[in-house]
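A.B. asks: One predicted model, sequence on top.
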Amino acid sequence: MHVVVLGAGLAGLSAAWELARGGAKVTLLEREPRVGGMAASWTVGPYRLDFGPHRFHSRDPELVAHLYELLRGEVVVRQRRSRIHLRGRFFDYPLRLSNVLNNLPASLLARAGADYLVARAAQRLRPRSDEHFEAWVSKRFGRTLYELFFRPYTEKAWGMPCTRISADWASQRIAQASLWDTLVKTVRPPRDGEVRSLAREFLYPARGGIGRIATRYAEELDALGGTVRLATALERVEVERGAARRVVGRTDGHELTLECDAVVSTLPWTTLLRSLCFADGSGLSPQARDAVDGLETIGIVFVYVEVPRPSVMPDHWIYLPGAELAVHRVSEFKNFCDASAPGDRTLLCCEITCRPGDARWSLSRPEAEALALADLYAVGLLQPGEGRLVDVARLAHAYPVYDLDYRARVQVLRRETRRVTNLVSTGRQGLFRYNNMDHSMAMGRKAGRALLSASDFESAAQVAAGVEYFG
């Protein structure tokens, strides 16, 4: 069996690894000149760069053991620290009651408490559905805390009102279930076996940046006889009698045609479906074309700034919700792994969200440097004149946009993909799902196993599909 895998991110690499390990012939195509996708790393001078902050954590002990085995035990364990810069102060995130009490004036705290009680009473008298992000948060934390902590950052990062964002985003990305949950977790110690948040501890490669996971997969795949073709973009997937028969890519200006028995795609779902070429000329259904056109993604411009001192902050990252700031998050790679930067210098990564093609997406290097430095000075992380640009990178498909209609569109894409019996779309991009690294690896591995056993792909599609906090 020859399987063509599209995309060398963690989902594609883990699927290819499982397939090759199971005896399949595997060819993996990747558009970029390196493996890793969003979890790639690269070197600029003495620095190891990632696409923003990455961390591995999982409830699945087998997956954790797999990571240790893959990295040959070269893993560091870190205790997460992240904060929010708001009103000139730094708040711990996930929120801690004592920290909030110390940083907010008593009058504002009183209003927040009253709003929370009103919201809970209203919910008991007339239950309100989780119709969007604003409703989900407001009824669990009250309007004051929503306006203070949740709305500014979310609308800044997404570039749209919270009333147009699905409640799914809140349920998967907010650590506490409610203000009461925050209070309980502050005053009561954890019970035996209680998992309060996956965010407190995480794993990271001891060298090579987060991209070391991807390069180790590629090394293992090569040893198993698999083929990785970098700098090869997908042109089309040729479908005959309901099955994918050939994958056509383009590399160095020339077409590469691969006969195949199955295809695993981890490319953006919309890209995959647009690439399908049906021999009977049928094409995508009108509903699928509408769904493909309706799904949006958020892009990120990453600006990397060198600072001539050993450390800038104790945090792995800091959220910057202020509308007056262009940067929405700052991370320091040395806090993930000491090997990421020299001892006497450090590197900050500043993220600026945008829509691919807009003015911020098209920032020049001097413009990106000026915006990032101005914000770092404004929040007090750097002194004026301190810091210089090291690199600028861009990701067009960084966040899937969970608008109010995304679920219906995803269901249409799922049905359309099933028209091709030997095609599976998986991973973060392939399922339009804002999941974590461990989820992507689990998706890829399950998709590979399903192909090998000729079983249903649904187990891979259900990874990270529930209403649960992802950490």
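C.D. replies: Looks like it arrived, so ask away.

A.B. asks: My reading is that residue 347 lies in a strand. Confirm?
C.D. replies: Yes: looking at residue 347 with DSSP: H, G, I helix; E, B strand; the rest coil, it is inside a strand.

A.B. asks: And the longest strand along the chain, what's buried?
C.D. replies: Using DSSP state E, we find that the single longest strand of the chain is strand 388-400. Neighbour-count burial for strand 388-400 flags 389-395, 397-400 (criterion: 16 or more other Cβ atoms under 10 Å). C-beta: built from backbone N, CA, C; applies to glycine.

A.B. asks: ok, residue 379 to residue 391 distance?
C.D. replies: From residue 379 across to residue 391, the span is 21 Å (Cβ to Cβ, to the nearest Å).

A.B. asks: circling back to that earlier point, avg pLDDT for the longest strand of the chain?
C.D. replies: Per-region confidence: strand 388-400 scores 96 on mean pLDDT.

A.B. asks: now the angle from the next helix-or-strand element following it to strand 388-400?
C.D. replies: Next along the chain after strand 388-400, taking DSSP states H and E as the criterion, comes helix 406-417. Angle, helix 406-417 to strand 388-400, by axes from the mean of the first three to the mean of the last three Cα atoms, to 10 degrees: 80 degrees.

A.B. asks: So what touches helix 406-417?
C.D. replies: 166, 168, 269-270, 272-273, 284-285, 287-288, 290-292, 294-295, 400, 423-425, 431-432, 461 (Cβ atoms under 8 Å, 6 or more residues apart in numbering).

A.B. asks: Output it in CSV with nothing but the alpha carbons.
C.D. replies: Output of helix 406-417 as CSV, limited to C-alpha atoms (Å, rounded to 0.1, in the frame of the first residue of the first chain):
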residue,chain,number,x,y,z
TYR,A,406,-18.3,27.4,11.6
ARG,A,407,-19.8,24.1,12.9
ALA,A,408,-22.4,23.9,10.1
ARG,A,409,-19.7,24.6,7.5
VAL,A,410,-17.4,22.0,9.0
GLN,A,411,-20.1,19.4,8.8
VAL,A,412,-20.5,20.1,5.1
LEU,A,413,-16.8,19.7,4.6
ARG,A,414,-16.8,16.4,6.4
ARG,A,415,-19.6,15.1,4.2
GLU,A,416,-17.8,16.3,1.1
THR,A,417,-14.5,14.6,2.1
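
A.B. asks: So which other helices or strands are in contact with the helix or strand just after that helix?
C.D. replies: Per DSSP H and E, the first helix or strand lying C-terminal to helix 406-417 is strand 423-425. The helices and strands touching strand 423-425, judged by 3 or more Cβ pairs under 8 Å, 6 or more residues apart in numbering; DSSP states H and E, are strand 262-265, helix 406-417, helix 437-452.

A.B. asks: which helices and strands does the last one pack with?
C.D. replies: In other words, helix 437-452. Secondary structure elements in contact with helix 437-452, counted by 3+ Cβ pairs under 8 Å, 6+ apart, are helix 10-21, helix 61-70, strand 262-265, strand 423-425, helix 427-430, helix 458-461.

A.B. asks: And those: which comes nearest residue 98?
C.D. replies: helix 61-70 (31.2 Å; Cβ to Cβ).
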